[in-house]
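Asks: Turn this into a structure:
(2 chains)
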Protein chains: 2
Amino acid sequence: MPVNYSPPAAGDLLAVPGVSVAATRASIRNWHRDDLTVFAFAPGSRAAGVFTRNRFCAAPVLVCRDHLARAAEVRALVINAGNANAGTGASGLADARRTCAEVGRLLGCSSEAVLPFSTGVIMEPLPVDRIVAALPRCVGALVPGGWPAAMRSIMTTDTVPKGASRRVVLDGVPCTVTGIAKGAGMIQPNMATMLSFAATDAPIAKPLLDALVRDVADRSFNRVTIDGDTSTNDSFVVTSTAQAAVREIVSVADERYALLAEALLDVATTLAHAIVRDGEGATKFIAITVAGGRSHEECDRVARAIAHSPLVKTAFFASDPNLGRIVCAIGNAGIADLDPAGVSFHLGDVLVVERGGRAASYREEDGQRVMREAEIAVRVDLGRGDSSTTVWTCDFSHDYVSINADYRS
Amino acid sequence: MPVNYSPPAAGDLLAVPGVSVAATRASIRNWHRDDLTVFAFAPGSRAAGVFTRNRFCAAPVLVCRDHLARAAEVRALVINAGNANAGTGASGLADARRTCAEVGRLLGCSSEAVLPFSTGVIMEPLPVDRIVAALPRCVGALVPGGWPAAMRSIMTTDTVPKGASRRVVLDGVPCTVTGIAKGAGMIQPNMATMLSFAATDAPIAKPLLDALVRDVADRSFNRVTIDGDTSTNDSFVVTSTAQAAVREIVSVADERYALLAEALLDVATTLAHAIVRDGEGATKFIAITVAGGRSHEECDRVARAIAHSPLVKTAFFASDPNLGRIVCAIGNAGIADLDPAGVSFHLGDVLVVERGGRAASYREEDGQRVMREAEIAVRVDLGRGDSSTTVWTCDFSHDYVSINADYRS
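Replies: Predicted structure coming up:
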């Protein structure tokens, strides 16, 4: 059960003009569910994406980067669950390209206008024949209202589907931003790659869309972590179909850019939080804010040192205010000249550490009260600068071990 | 139960001339066991140590560093289990100094000739009055054969005591190296700091002893990891009592230096491996060797990326040859220009990956066979240089979560 997250109700996931969607069963694995998804976009649509930095990135990630760099428009996404097509070498690349070619043939567009995505087990050959065989059925089923089906068919270890929509009014015209995501580990090389796809009918110039997607990813998906790994397949792609009857946004200074960015950030943050709330075995949703740093980078290091410590995460699972573990993680973040005497932190509204030691006012029962909550805020002050950042994570439970130890068996 | 490790039998832990040892119960916590240990050394003994790099290092670590830098000789160690005296600020420092002063008074040496160590819960005041009250009884019990009692009284979450002895013949004179260690997590801010104490009667000049201890630590304790954290209290201290009737070793070129180094490395490696074999919840002992790197540092990064991945560790626990997780961890190690096509790896004697993809010869049943073993070797070749290194770790089980989630409750 996710921590305080429910998937959008029927009707809450809004269709985006210029986007049609379908999902079908290609039997990528021996399971009884849809596992192949196609998005089709109106001619002239443009997309931007951010992808994993893992050096063993999957074949579809390599093809996505190549196609985004070469194609003038993006006409389709094709996504399979159940197999990551990673660690598959030259044949994996050929399989990803063949999938794109087949979608291009069915939709009447170039192969380069199609972006492929895969999520699932690494180092197993992609069953590309089954994908190719299922594609005509999937393309034949494309409908504007297909988002909820897509939201479910891209899932792997997720316990709930994840989606969000926002309206934004530009020049008096209501535009839509809709997105879906899957992932139950920020990094799950097995079955829980993070994938997210969003689309808007608001028109925005390609270079601006590139910048917008990077910025939004940095403030949403790149600020959540479940187990500190980075998948071979992580992808976040946003498409603008430009179907809304408004002038194209061509400048960051255009006030409509800020409105669109806010809507997209809202969708992306909702989806990023949903991934953590549905984190493998998660029972708590934890926001770690580190302020008073000399740079964003050092705040980020401290926040992630806390977020990734198995000891901190198991203490949250146990609702145990064993807060020395947080102190230890801060000291372990690799900031060579950090002065412990300048460090303080709050757990919720409770001051736990001041001047590097236990706060005189701290009482165990206050810490215990906060630790029992399902949503917990940790606020660290490094006491040496003006930078700050926030990272969202979850706790580390028996179910995490069960899910990851038992999955394939 | 540790993985293939049994503590030394009575009589196997050899006394070291010039060293006497005792343990007693100071009731640091509400438990029924010895928790206070004193080592006393003959006049003129010298010691060298390596300590945690955690910025929130504990009060006793600060005092140790200060005393080692100032004192001409080291006459005693005083160690308590149950409380880390970390995150305790100025009063923690005063408590550590008071403990040293009391030992100095009882032994008739300067306070600076005493080194203090603590392991246990962070951010709770050290019950120094109980330590001071118990010290006369402990000092009164000092005997050359007290090592086995010390080996037990420094334990926290350890399931077995850890010790080792070696004889080394220098100039025809048999000398002894004996060491003990505690720790069940490479980094356990709660109750499992890594502490290790060794002593030898072989005489060695202080600067050489400093270099020897750093070198041995880098090749033993610094090459094991359980959960990737670094405690606030980690310490490894080696004392030379110089009681053996041989000339002092004053040069690295002296062939006796190599003999002594080999014996100490053997003791330290045995203890370091014992810590991993007794790692919290460990069911497997895993040696990760990374070769073919351009530098030791990049081999080390890859080895630790594998060793710290919760996904890799849970797969080992499950005996599941889900080896894409190792590929993902390699790609995630932060080597920006790593070419996946150059990477290969073996699991035991089985070639799993060659040229960045699954080996043509790989069969799942071969991987499964190796994964079922209690001792597993992973050998990665990065295919870009001549450097190599090995890191030892354990798997990640339900019991790890239980031990760390339930300890204080």
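Asks: so what's residue A:52 closest to, chain neighbours aside?
Replies: residue A:234 (3.9 Å; CB to CB, 6 or more residues apart in numbering or on different chains). From N, CA and C alone the C-beta is placed, and that goes for glycine too.
Asks: Could you pull up phi and psi at that neighbour?
Replies: phi -50, psi 130 (degrees, to the nearest 10).
Asks: Distance of it relative to residue A:86?
Replies: Using CB to CB, to the nearest Å, we find residue A:234 at a distance of 11 Å from residue A:86.
Asks: Which of the two has more residues huddled nearby?
Replies: The residue with more neighbours, out of residue A:234 and residue A:86, is residue A:86; 33 against 27, by other CB atoms under 10 Å in any protein chain shown.
Asks: residues touching that one, list them.
Replies: With contact set as CB atoms under 8 Å, 6 or more residues apart in numbering or on different chains, residue A:86 has these partners: A:56-59, A:92, A:118, A:122-123, A:189, A:232-233, B:324, B:327-328.
Asks: Tell me the bridge partners for residue A:204.
Replies: residue A:249 (DSSP bridges).
Asks: Could you count how many residues lie near it?
Replies: Count around residue A:204 with other CB under 10 Å applied: 26.
Asks: So for it, what's the pLDDT?
Replies: Reported pLDDT at residue A:204 in the predicted model: 96.
Asks: Can you verify my assumption that it contacts residue A:210?
Replies: No. Residue A:204 sits out of contact with residue A:210 when judged by CB atoms under 8 Å, with a separation of 9.9 Å.
Asks: Please enumerate the strands of the stretch 1-150 of chain A.
Replies: A:19-24, A:36-41, A:46-51, A:76-83, A:114-121 (DSSP state E, counting those that start in this stretch).
Asks: which residues are contacting the third one?
Replies: Among residues not part of strand A:46-51, those counted as contacts by CB under 8 Å, 6+ apart are A:41, A:57, A:61, A:64-65, A:68, A:73-74, A:115, A:204, A:206, A:209-210, A:212-214, A:217, A:221, A:234-240, A:242.
Asks: Which of these are buried, as a ChimeraX select command?
Replies: Burial among the contacts of strand A:46-51 is assessed by 16 or more other CB atoms under 10 Å in any protein chain shown; the matching ChimeraX selection reads:
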select /A:41,57,61,64,68,73,74,115,204,206,209,210,212,213,217,221,234,235,236,237,238,239,240,242
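Asks: For the residue of the stretch 101-250 of chain A found nearest chain B, which non-adjacent residue is spatially closest?
Replies: Minimum separation of the stretch 101-250 of chain A from chain B (CB to the nearest CB) falls at residue A:122, amounting to 2.4 Å. Nearest residue to residue A:122, sequence neighbours excluded (CB to CB, 6+ apart): residue B:324, at 2.4 Å.
Asks: rewinding a little: format the strands of the stretch 1-150 of chain A as a markdown table; extra columns: mean pLDDT.
Replies: Below are these laid out as a markdown table (pLDDT from 0 to 100):
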| stretch | mean pLDDT |
| --- | --- |
| strand A:19-24 | 97 |
| strand A:36-41 | 97 |
| strand A:46-51 | 93 |
| strand A:76-83 | 96 |
| strand A:114-121 | 93 |
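Asks: any idea which of the ones you listed is most buried?
Replies: strand A:114-121 (a mean of 29; mean count of other CB atoms under 10 Å in any protein chain shown).
Asks: shaky segments in chain A?
Replies: A:185-193, A:227-230, A:406-409 (pLDDT under 70).
Asks: and the residue nearest to residue A:122, what are its phi and psi?
Replies: phi -60, psi -30.
Asks: Ok, residue A:269 next?
Replies: Torsion angles, degrees, to the nearest 10, at residue A:269: phi -70, psi -40.
Asks: Counting neighbours, what do you get for it?
Replies: With other CB under 10 Å as criterion, residue A:269 counts 18.
Asks: Please report how far it lies from residue A:14.
Replies: Distance, residue A:269 to residue A:14, by CB to CB: 17 Å.
Asks: Enumerate the residues of the stretch 201-350 of chain A near chain B.
Replies: Residues of the stretch 201-350 of chain A lying close to chain B (CB under 8 Å from any CB of the partner chain) are A:227-232, A:308-311, A:314-315, A:317-318, A:320, A:322-325, A:327-333, A:335-336, A:338, A:340-341, A:343.
Asks: Now do the helices in chain A.
Replies: Per DSSP state H, chain A carries helices over the ranges A:59-70, A:89-107, A:128-140, A:147-153, A:206-219, A:255-277, A:296-308, A:310-317, A:324-331, A:364-371, A:398-406.
Asks: which of those sits most buried?
Replies: helix A:324-331 (a mean of 29).
Asks: what's next to it, contact-wise?
Replies: A:302, A:305-306, A:309, A:311-312, A:315, A:338, A:340, A:343, A:345, A:352-353, A:378, A:380, B:54-57, B:84, B:86-87, B:121-124, B:187, B:189-190, B:229, B:231-232.
Asks: Report the inter-axis angle for it versus helix A:310-317.
Replies: 140 degrees (axes from the mean of the first three to the mean of the last three CA atoms, to 10 degrees).
Asks: Distance from the chain centre to helix A:324-331, please.
Replies: Relative to the mean C-alpha coordinate of its chain, helix A:324-331 is positioned 27 Å out (CA atoms, centre = their mean, to the nearest Å).
Asks: Equivalent analysis for stretch A:46-66, please.
Replies: Here stretch A:46-66 is found 14 Å from its chain centre; the criterion is CA atoms, centre = their mean.
Asks: Could you do stretch A:168-188 as well?
Replies: That offset, for stretch A:168-188, works out to 11 Å (CA atoms, centre = their mean).
Asks: likewise stretch A:196-204?
Replies: Worked out by CA atoms, centre = their mean, stretch A:196-204 lies 16 Å from the chain centre.
Asks: mind listing what's buried in that stretch?
Replies: Buried residues in stretch A:196-204 (16+ other CB under 10 Å): A:196-204.
Asks: ends of it, how far apart?
Replies: End-to-end distance of stretch A:196-204 (CA to CA, to the nearest Å): 19 Å.
Asks: Likewise for stretch A:271-284?
Replies: 17 Å.
Asks: ditto for stretch A:226-244
Replies: 37 Å.
Asks: Serialize the strands of the stretch 1-150 of chain A to JSON lines and add fields for distance to residue A:4.
Replies: Shown next, in JSON lines, are those (distance: least, CB to CB, whole Å):
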{"stretch": "strand A:19-24", "distance to residue A:4": "27"}
{"stretch": "strand A:36-41", "distance to residue A:4": "27"}
{"stretch": "strand A:46-51", "distance to residue A:4": "27"}
{"stretch": "strand A:76-83", "distance to residue A:4": "25"}
{"stretch": "strand A:114-121", "distance to residue A:4": "25"}
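Asks: how about the spatially most central residue of chain A, what does it touch?
Replies: What sits nearest the mean C-alpha location of chain A, by CA atoms, centre = their mean, is residue A:221, with 4.4 Å. Taking CB under 8 Å, 6+ apart, we find residue A:221 in contact with A:50, A:194, A:196, A:234, A:236, A:268, A:271-272, A:275.
Asks: how about 7 Å then?
Replies: Taking CB atoms under 7 Å, 6 or more residues apart in numbering or on different chains, we find residue A:221 in contact with A:194, A:196, A:236, A:268, A:272.
Asks: Spatially nearest residue to the third one, not counting backbone neighbours?
Replies: Think residue A:236. Per CB to CB, 6+ apart, closest to residue A:236 is residue A:196, 4.6 Å.
Asks: ok and the residue in the stretch 251-400 of chain A nearest chain B?
Replies: Per CB to the nearest CB, residue A:324 is where the stretch 251-400 of chain A lies closest to chain B, at 2.5 Å.
Asks: ok, that residue to residue B:121 distance?
Replies: 6 Å.
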